[in-house]
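In: no FASTA, just this:
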């Protein structure tokens with residue numbers, strides 16, 4: 001069950017418990033995509049990149065990169081700004097940057113062993 005304080009805040013903001021759960025699905029669904037996670041990590045390292053730079057770095061088709069960037073931008077994971085002829089993308093440093101650090105800290109202490117055990121079992 002969801003934290004009652006969070007639920008109260010959500011209801012005070014004018015959305016329902018179901019909308020909250022559906023928003024969770026959208027948020028975590030955005031993170032479940034390997035290409036989107038790669039984009040997030042490239043932007044974490046490089047600060048800002050164009051679609052062309054991401055295409056080269058990821059060795060993916062431009063349409064696929066643009067599609068994934070659109071989802072990331074729509075959900076507020078990345079920001080974009082026009083710089084001359086180019087649109088540059090950057091990680092949302094206010095929310096997603098710190099959140100990814102927390103996730104990575106959690107994974108290193110609680111999840112990486114699962115991956116390593118799976119690899120060992122395959123040997």
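Out: Arrived safely, thanks for sending. The structure displayed is predicted, hence computed values, not measured ones.
In: List the buried residues for the helix or strand hosting residue 21?
Out: For residue 21, the element it lies in under DSSP states H and E is helix 17-31. Residues 20, 30, 31 are the ones in helix 17-31 that count as buried (16 or more other C-beta atoms under 10 Å). C-beta coordinates here come from the backbone N, C-alpha and C atoms, glycine included.
In: ditto for stretch 110-118
Out: Buried, per 16+ other C-beta under 10 Å, within stretch 110-118: nothing.
In: Give me the mean pLDDT for that stretch.
Out: Mean per-residue pLDDT for stretch 110-118: 86.
In: same thing with stretch 88-100?
Out: 95.
In: next one: stretch 25-43
Out: 95.
In: Just give me how far that stretch sits from the chain centre.
Out: Taking C-alpha atoms, centre = their mean, to the nearest Å, one finds stretch 25-43 lying 4 Å from the centre of the chain it belongs to.
In: List of residues touching that stretch?
Out: Here stretch 25-43 makes contact (C-beta atoms under 8 Å, 6 or more residues apart in numbering) with 49, 54, 57-58, 60, 64-65, 68-69, 71-72, 75, 77-78, 89-91, 96, 100.
In: helix/strand/coil for residue 82?
Out: With DSSP: H, G, I helix; E, B strand; the rest coil as the basis, the three-state label of residue 82 is strand.
In: gap between it and residue 50?
Out: In this view, residue 82 and residue 50 are 11 Å apart by C-beta to C-beta, to the nearest Å.
In: quick one: buried residues of stretch 40-52?
Out: Going by 16+ other C-beta under 10 Å, stretch 40-52 has these buried residues: 40, 42, 43, 44, 48, 49, 51.
In: now the strands: where do they sit in the protein?
Out: Along the chain, the segments classed as strands by DSSP state E run 48-50, 78-83, 86-91.
In: Serialize those strands to CSV and add fields for distance to residue 116.
Out: As requested, the strands of the chain are exported to CSV (distance: least, C-beta to C-beta, whole Å):
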stretch, distance to residue 116
strand 48-50, 31
strand 78-83, 30
strand 86-91, 28
